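1. Pasting a predicted model and its sequence here:
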Amino acid sequence: MNSIYLNSKNVFIDTVNSQDYIQLDRISTIYQSLKDSIKKPLKMILLYGKPGTGKSMFLTKLYNDLSASQDIYLYETPILDESEFYKLLAQDIFGTKYSGELNFTQFMKVVNSKKLESTPVVLLDEAQLYSEALMEKIRLLSDTRTIKFIITLHKTQEEDLIAKEHFKTRIWETIELENSSKSELKIYIQKKLMKANCFDTANIFTEKTVHKIHKLTAGNYRDTNKLLYTLFDLYLSYEERNRLDKIPTNKIPTKLIEMAAIHTGLINA
Amino acid sequence: MLNIPDLEKRWLHYKIKSFFPYAISLLFLCIIIGIYYFFNINNNEKTTKGKKEIVIQKKLHKETVTATKVSLKNTTTQIFSPSMSFIDTIKTQKEPLEGPIKHREVKLKPVKRVKHIQKMEIKAKAIQKKQVTTITIMKQNTSKDIQNILHRFQEDKNPALSLFLAKKYYELGNYKQASNYALITNQLNQEIEDSWLIFAKSLVKMGKKEKAIKLLREYINTSHSTNASILLDNILSGEFQ
């Protein structure tokens, strides 16, 4: 089936793919500032924000953009075992394979023995999942200036505390990612749809529709993706039941948005 | 594929639930407005009742005056003995009266009306009683009428009695006393229009035309009385002297 609703639905599948990265003015500015920060002799850069604000996407985009020109490593999934963490870094950065256990002291020996032309950049996503002990080792590693770390953290009260206490004195740059504004959300939705050649569905997003979506998702990208995925799934369901004539197709009715919100749990009904 | 009927059902529940606080607020607002109007209407009714009482008082008074006038005419045409003794005979006599007494029964009609008003729960009881007494003295001659009313007025400072006296004195040509009792009536109740009119007429009769005009103008300004306006016009045109 080649339905415009199916194509539109697939646009909003929640994946971290740098190809899906949408250029928004504010986000572009932040991204550029992050790129500039990497060039500076900073020990550590902290990227933080609420879940769904695009931190992972940011890291992926950065990795894809810089991987050709820079020694950069992305770890999307946290490596919770300390030894595994060192082993992975030793293998990826210094090309040294270890079969047995590798502790911090042994890893530091490897770091000091290998002289690199440029400082490698390590991108650690979901850093709030790392143990405090490992975070302390990462701090020590960054202090040696042999590896530059860019870490992302969820901004919660507790995690904020970790960020403050652990990295207060070490972090040279902090970048906060926020939810989108109404106008940004409209651009985000429309650009995303147009990127996938879904021009018809992109045009049905009026100010009122986006306002309603923003009210439900508070501008959170992940929630917006979820909501719009379900919304187009609803259209698809109506289409498959031959009941598309029951709903307007030139604009999105509030009822449909609310139904999608109920299904995704954004509305507790 | 999503379960559309189930989602529509859940959406309907959600809509009803979301409108519930508004419905409660609206209901609450309606109750408040209802209570407000209820008390407001009650207050208005009280005010209207007060006004009605005044109007009824005036009407009763007019009837009293008319009845008195009739009785006065009767006193001139018919030869009756003083009615006080006649009342005594009414009180003692149990048999139905005939002849001229039938005529008196007709005159007692205003009393019946007063009783009817009483049923309407309007505060006219006191007036009614006085009305009865007023009617009973109708059968007396003028001087005795006045004496009797004077006596009763001394006992009970009823503006209806003083007004009666004012009118009676005016009819008798005693304008000084007429103005005096009109003034007393006015002091007791400023809303009795006749007291103003009798006072003004008496002033004219006593040669105080300018004072009467000034008084009537002031009264018209406050009350917008048509009768007062007519009287003022008559005085100004010289029709009333």
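-> Happy to help now that I have it.
2. For the stretch 51-200 of chain A, give the residue positioned nearest to chain B.
-> At 19.5 Å from chain B, A:Cys198 is the closest residue in the stretch 51-200 of chain A, using C-beta to the nearest C-beta. In short, each C-beta sits where N, CA and C put it, glycine included.
3. I'd like to know how many residues surround the closest residue to that residue other than its chain neighbours.
-> Distance criterion C-beta to C-beta, 6 or more residues apart in numbering or on different chains; nearest residue to A:Cys198, sequence neighbours excluded, is A:Ser8 at 4.6 Å. Neighbour count of A:Ser8, defined by other C-beta atoms under 10 Å in any protein chain shown: 24.
4. Need the three-state assignment for A:Ser8.
-> Of the three states, A:Ser8 takes helix under DSSP: H, G, I helix; E, B strand; the rest coil.
5. thinking again about what came up before, the residue of the stretch 51-200 of chain A closest to chain B reaches A:Tyr5, doesn't it?
-> No. Contact criterion C-beta atoms under 8 Å: A:Cys198 and A:Tyr5 do not qualify, at 9.0 Å.
6. Just checking, which helix or strand of the chain averages the lowest pLDDT?
-> Because you didn't say which chain, this covers chain A. helix A:157-167 (a mean of 57; mean pLDDT, DSSP states H and E).
7. look at chain B instead
-> helix B:100-107 (a mean of 46).
8. Give me the nearest residue to the residue of chain B found nearest chain A, chain neighbours excluded.
-> Taking C-beta to the nearest C-beta, chain A has its nearest neighbour within chain B at B:Tyr14, 3.6 Å off. Once flanking residues are discounted, B:Tyr14 sits nearest to A:Ala269: 3.6 Å by C-beta to C-beta, 6+ apart.
9. for the one you found, helix, strand, or coil?
-> A:Ala269 - assigned by three-state DSSP - is coil.
10. Wait, it touches B:Leu12, no?
-> No. Taking contacts as C-beta under 8 Å, A:Ala269 lies outside contact range of B:Leu12: 9.2 Å.
11. Close to chain A: what parts of chain B are there?
-> The interface of chain B toward chain A, taken as C-beta under 8 Å from any C-beta of the partner chain, is made up of B:1-2, B:4, B:7-8, B:10-11, B:13-15, B:17.
12. Separate out the buried members of the residues you listed.
-> Listed as buried from those are B:2, B:4, B:7, B:10-11, B:14; burial here means 16 or more other C-beta atoms under 10 Å in any protein chain shown.
13. what about the helices in chain B?
-> Using DSSP state H, the helices of chain B run over residues B:4-77, B:83-92, B:100-107, B:109-119, B:125-136, B:142-155, B:159-172, B:175-188, B:193-205, B:209-223, B:226-237.
14. comparing the ones you listed, which gets the lowest mean pLDDT score?
-> Among the helices of chain B, helix B:100-107 carries the lowest mean pLDDT, at a mean of 46.
15. count of neighbours near the residue of the stretch 51-200 of chain A closest to chain B?
-> Neighbour number of A:Cys198 under other C-beta under 10 Å is 21.
16. what's it in contact with, if anything?
-> Residues near A:Cys198 by C-beta atoms under 8 Å, 6 or more residues apart in numbering or on different chains: A:4, A:7-8, A:11.
17. As a markdown table, the residues you listed with pLDDT and distance to A:Pro120 would be great.
-> Shown next, in a markdown table, are the contacts of A:Cys198 (pLDDT from 0 to 100; distance: C-beta to C-beta, whole Å):
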| residue | pLDDT | distance to A:Pro120 |
| --- | --- | --- |
| A:Ile4 | 89 | 45 |
| A:Asn7 | 91 | 40 |
| A:Ser8 | 93 | 40 |
| A:Val11 | 91 | 35 |
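18. Now do the closest residue to chain B within the stretch 151-269 of chain A, the pLDDT please.
-> Residue nearest to chain B within the stretch 151-269 of chain A: A:Ala269 (3.6 Å; C-beta to the nearest C-beta). pLDDT, A:Ala269: 75.
19. which residues touch it?
-> A:262, B:10-11, B:13-14, B:17.
20. can you list the domain ranges for chain A.
-> Recorded structural domains for chain A (assignment: automatic domain parsing) are A:4-15+A:180-264, A:25-177.
21. End to end on the longest one, go ahead and measure it.
-> In other words, domain A:25-177. 13 Å (C-alpha to C-alpha, to the nearest Å).
22. Off-centre distance for that domain?
-> On the basis of C-alpha atoms, centre = their mean, to the nearest Å, domain A:25-177 sits 15 Å off its chain's mean C-alpha point.
23. and what of stretch A:206-226?
-> 18 Å.
24. ok, and for it, which residues are buried?
-> A:209-210, A:212-214, A:216-217, A:219-226.
25. And for stretch B:197-204?
-> So stretch B:197-204, judged by 16+ other C-beta under 10 Å, has buried residues B:197-204.
26. and of those, the nearest to A:Ser181?
-> B:Leu197 (80.3 Å; C-beta to C-beta).
27. Now do the strands in the stretch 101-250 of chain A.
-> With DSSP state E, counting those that start in this stretch as the criterion, the stretch 101-250 of chain A has strands at A:121-124, A:148-154, A:171-177.
28. Next, format those as JSON lines and append distance to chain B, mean neighbour count and mean pLDDT.
-> JSON lines is the format used below for those (distance: least, C-beta to the nearest C-beta, whole Å; neighbours: other C-beta atoms under 10 Å in any protein chain shown; pLDDT from 0 to 100):
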{"stretch": "strand A:121-124", "distance to chain B": "37", "mean neighbour count": "24", "mean pLDDT": "93"}
{"stretch": "strand A:148-154", "distance to chain B": "30", "mean neighbour count": "24", "mean pLDDT": "88"}
{"stretch": "strand A:171-177", "distance to chain B": "31", "mean neighbour count": "17", "mean pLDDT": "76"}
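29. I'd like those strands written out as TSV, with distance to B:Leu150 added.
-> Formatted as TSV, the strands of the stretch 101-250 of chain A follow (distance: least, C-beta to C-beta, whole Å):
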stretch	distance to B:Leu150
strand A:121-124	115
strand A:148-154	103
strand A:171-177	101
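30. returning to that earlier point: so the residue of the stretch 151-269 of chain A closest to chain B versus B:Ser18, what's the distance?
-> 9 Å (C-beta to C-beta, to the nearest Å).
31. And for A:Tyr48?
-> Distance from A:Tyr48 to B:Ser18, by C-beta to C-beta: 35 Å.
32. try A:Asp14
-> 27 Å.
33. How about A:Ser69?
-> 53 Å.
34. So between A:Tyr48 and B:Ser18, which is more surrounded?
-> A:Tyr48 (22 against 12).
35. Which residue comes closest to that one once chain neighbours are left out?
-> A:Leu153 (4.4 Å).
36. Just the endpoints, please. Distance across stretch B:220-233?
-> Using C-alpha to C-alpha, the two ends of stretch B:220-233 sit 12 Å apart.
37. Could you pick out the residues of chain A near chain B for me?
-> Counting by C-beta under 8 Å from any C-beta, chain A sits next to chain B at A:230, A:233-234, A:236-238, A:240-241, A:243, A:255, A:258-259, A:262-263, A:267, A:269.
38. and with 7 Å instead?
-> A:233-234, A:237-238, A:240-241, A:255, A:258-259, A:262-263, A:267, A:269 (C-beta under 7 Å from any C-beta of the partner chain).
39. about what we covered before: gap between the residue nearest to A:Cys198 and chain B?
-> 15 Å (C-beta to the nearest C-beta, to the nearest Å).
40. count of residues packed around A:Pro253?
-> For A:Pro253, using other C-beta under 10 Å, the count is 13.
41. Hmm, it is touching A:Tyr235, no?
-> No. Applying C-beta atoms under 7 Å as the test, A:Pro253 and A:Tyr235 come out as separate, 10.7 Å apart.
42. And for stretch A:71-84, what's in contact with it?
-> A:56, A:59-60, A:63, A:66, A:85, A:88, A:92-93, A:101-103, A:118, A:120-126, A:129-130, A:134 (C-beta atoms under 7 Å, 6 or more residues apart in numbering or on different chains).
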